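[1] Next one to model:
(chains A and B)
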Amino acid sequence: MKKIFSRPESLTNAPFSYCPGCGHGIAHRLVAESIDELGIRERTIGVAPVGCAVFAYNYFNLDMTEAPHGRPPAAATGIKRTNPDKIVFAYQGDGDIAAIGMSEIVHAANRGENITVIFINNANYGMTGGQMAPTTLLGQVTQTTPFGRDPKREGYPIKVCELLSSLEAPVYLERVAIYDPKQVLNAKRAIKKAFANQVENKGFSLVEIISNCPVDWGMTVMDSIKWVKDVFIKTFPLGIIKDKTR
Amino acid sequence: MKELIKGNIALCNGALDAGLNGYFGYPITPQNEVPEYLSRRMVELGRTFIQAESEIAAANMVLGACATGKKAMTSSSSPGISLKQEAISYLAAQELPAVIANVQRGGPGLGNIAGSQADYFQAVKGGGHGDYKIIVLSPNSVQEMYDFSYEAFGLAQKYRTPVLILADGIIGQMMEPAEFNKPKIDPNTPISADWALTGAKGRPPRSIKSLLMKDGALYEHNLELQKKYKTIAQNEIRCEKFLAEDAEIILVAFGIASRIAKGAVKLARACGIKAGLLRPQTLWPFPTEIISSFAKSGVTFLSVELNAGQMVEDVKLAVNGKCEVDFLGKPGGVLLSEQEILNRLQEIAKRG
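    Purely as a prediction, here's the structure:
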């Protein structure tokens, strides 16, 4: 009998501790499948963020470290520059990348570091219980925007891919979603490309994954999927924002 | 053969000879010679140099490089070192062998660019959050900028701990003859550390982290760290003694202040005052027992510092009430003169 589906080698056997309906589990799997398929597991080093994915090192069957909040792109830079033969990725959330770590991501991208960044955008701080993130949508109620995000008070959602696309050096920036099987397959293509770019020494690649967070959004899983389709991706349109590899 | 050279360049040479793989820094006076010199030398030698976007990023680049077992270093001056404290706490928690140099300037705040010793507390009492210690080396000459910078890497690797070189603007900027005579370590020496992240090839994956949420795990980790600090304190204390054995007044001074204090001791001896000097070369671990062994009735200690009185607290803890402990210092990047110290020594001698 032929085995056609199994756990990727780049994932451990540990069950995910993420909330029901959360996108991290799918994103982890897609990263692990990409690493397996490219045959780079034994030379990959990952950097976990502060946020829900801080526990990534429990789930990836890879050498992993953890950086202070927002600093994974700097840590990944230090790893990659002193170990150019290794494949290095940073896995970050929206608070990590676009609030406390905005400087680190912008400058790592601007230097054209040959690393891969996986950015999970779920429009709130999940780990700490659902406070406003830089990517929180206008009008969205969070623990710290109880009346909804008001641009007069809190400004507008930050579009990380578009912001980085103004820089010369990044080679590949794409925003994907994972709310249905078609989107998951598309996300897989993007993630694998972002790692393949590094293997081929092409330079800085980032994939932004629009991810569901039903628990902190106060929604059922099905409602959260509907909200991503009807609302979230209207503010954060999916697609390739920049691709210098074509 | 000795070379006439600046302290900051000697510091660079120590790191280069120790096999530095990556330097990550940010411009700030009075340590700019370090990134400037290394921006050329590291590239010429085929090693990694990055001028980071911030002090914070520089320290975290060091964190990444060290996690792979590579020798990495950052340097800065006081306000920049404050910014690095977050990473230093993580480096201590994750037991990463980073080397950090602080070429101190006057503080608090932006202060001034004169040499100062006002970061003693920050260096030896933690600096960042959590229960941790880092080894703090205190050079007082251009030669020691080279020696301590070189030795910092060995200590960092031996104990898997960050090591801070606490210099100051004067030692960083002044020129003296120094000899670069230590064996040059090949930066491409293969990584043998059983903890380094090198890719999980033919072995289970490794993780280097500081978040320990499992019941009791953080407590156990802290106990392990404290055990390591105890071992370091047993093995690595360094303290220079100068005319201390028969002294009735014992000066305690580190770094550049110890050079001035030594001059004052010589002047005092010429006046018939039995003065001596203890110079901690490691500020953590502090030479508590050495100081304590000199503490007896009839002896007065005088802590001489270029700050408002910081190390004097550790001298008092070491003396533990067995005799008088006096303080002489100046904050804000102002130097003491040998004569000012001598005046105080004469007052102490008179009061008996």
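[2] tell me the helices in chain A, going along the chain?
    Assigned by DSSP state H, chain A shows helices spanning A:24-38, A:56-59, A:72-82, A:94-95, A:102-110, A:151-154, A:160-165, A:181-199, A:214-217, A:221-227, A:233-235.
[3] Name the residues of stretch B:255-272 that come out as buried.
    B:255-265, B:267-268 (16 or more other C-beta atoms under 10 Å in any protein chain shown). Any C-beta I mention is one placed from the backbone N, CA and C, and that applies to glycine too.
[4] can you put these in a markdown table and add secondary structure and distance to A:Gln131?
    Below are those laid out as a markdown table (DSSP: H, G, I helix; E, B strand; the rest coil; distance: C-beta to C-beta, whole Å):
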| residue | secondary structure | distance to A:Gln131 |
| --- | --- | --- |
| B:Gly255 | helix | 45 |
| B:Ile256 | helix | 48 |
| B:Ala257 | helix | 48 |
| B:Ser258 | helix | 50 |
| B:Arg259 | helix | 53 |
| B:Ile260 | helix | 53 |
| B:Ala261 | helix | 53 |
| B:Lys262 | helix | 57 |
| B:Gly263 | helix | 58 |
| B:Ala264 | helix | 58 |
| B:Val265 | helix | 59 |
| B:Leu267 | helix | 63 |
| B:Ala268 | helix | 62 |
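[5] Looking at those residues, spot the one nearest chain A.
    B:Gly255 (29.3 Å; C-beta to the nearest C-beta).
[6] hang on, the closest one packs against B:Leu166?
    Yes: counting by C-beta atoms under 8 Å, B:Leu166 is a contact partner of B:Gly255 at 6.9 Å.
[7] contacting residues for the residue of the stretch 251-352 of chain B found nearest chain A?
    Across the stretch 251-352 of chain B, the shortest distance to chain A (C-beta to the nearest C-beta) belongs to B:Trp284, at 22.6 Å. Residues near B:Trp284 by C-beta atoms under 8 Å, 6 or more residues apart in numbering or on different chains: B:Ala123, B:Val124, B:Lys133, B:Ile134, B:Ile135, B:Val136.
[8] From those residues, which land in strands?
    B:Ile135, B:Val136 (DSSP state E).
[9] any idea how far B:Thr198 is from the residue of chain A found nearest chain B?
    Using C-beta to the nearest C-beta, the single residue of chain A nearest to chain B is A:Gly78, 2.9 Å away. Separation of A:Gly78 from B:Thr198 (C-beta to C-beta, to the nearest Å) stands at 14 Å.
[10] Could you check which of those two has the larger neighbour count?
    A:Gly78 (35 against 21; other C-beta atoms under 10 Å in any protein chain shown).
[11] Could you pull up the residues touching that one?
    Per C-beta under 8 Å, 6+ apart, neighbours of A:Gly78: B:Gly22, B:Phe24, B:Asn60, B:Met61, B:Val62, B:Leu63, B:Gly64, B:Ala65, B:Cys66, B:Ala67, B:Ala72.
[12] Within reach of chain A, which of these are there?
    Filtering the contacts of A:Gly78 for neighbours of chain A using C-beta under 8 Å from any C-beta of the partner chain leaves B:Gly22, B:Phe24, B:Asn60, B:Met61, B:Val62, B:Leu63, B:Gly64, B:Ala65, B:Cys66, B:Ala67, B:Ala72.
[13] Restricted to helices, list these.
    Short answer: the ones next to chain A among the contacts of A:Gly78 in helices (DSSP H) are B:Asn60, B:Met61, B:Val62, B:Leu63, B:Gly64, B:Ala65, B:Cys66, B:Ala67.
[14] neighbours of A:Gly39, just the number please.
    That count, for A:Gly39 with other C-beta under 10 Å as the rule, works out to 9.
[15] Quick check: end-to-end length of stretch A:234-242?
    19 Å (C-alpha to C-alpha, to the nearest Å).
[16] Show me what counts as buried in it.
    Across stretch A:234-242, burial judged by 16+ other C-beta under 10 Å covers A:Thr235, A:Phe236, A:Leu238, A:Ile241, A:Lys242.
[17] Let me see the backbone angles for the third one.
    Per-residue torsions, A:Leu238: phi -80, psi 160 (degrees, to the nearest 10).
[18] ok, of the ones next to chain A among the contacts of A:Gly78, which come out buried?
    Buried members of the ones next to chain A among the contacts of A:Gly78, scored by 16+ other C-beta under 10 Å, are B:Gly22, B:Phe24, B:Asn60, B:Met61, B:Val62, B:Leu63, B:Gly64, B:Ala65, B:Cys66, B:Ala67, B:Ala72.
[19] List just the nearest of the residues you listed to B:Ile232.
    Using C-beta to C-beta, the shortest approach to B:Ile232 within those belongs to B:Cys66, at 17.7 Å.
[20] what's near enough to touch the closest one?
    Contacts of B:Cys66 by C-beta under 8 Å, 6+ apart are A:Gly78, B:Ala72, B:Leu91, B:Leu96, B:Pro97, B:Ala98.
[21] Contacts only, for the last one.
    Meaning B:Ala98. So B:Ala98 contacts B:Ala59, B:Val62, B:Leu63, B:Cys66, B:Ala72, B:Met73, B:Thr74, B:Ile88, B:Leu91, B:Ala156, B:Pro162, B:Val163 (C-beta under 8 Å, 6+ apart).
[22] Alright, that wraps it up for me.
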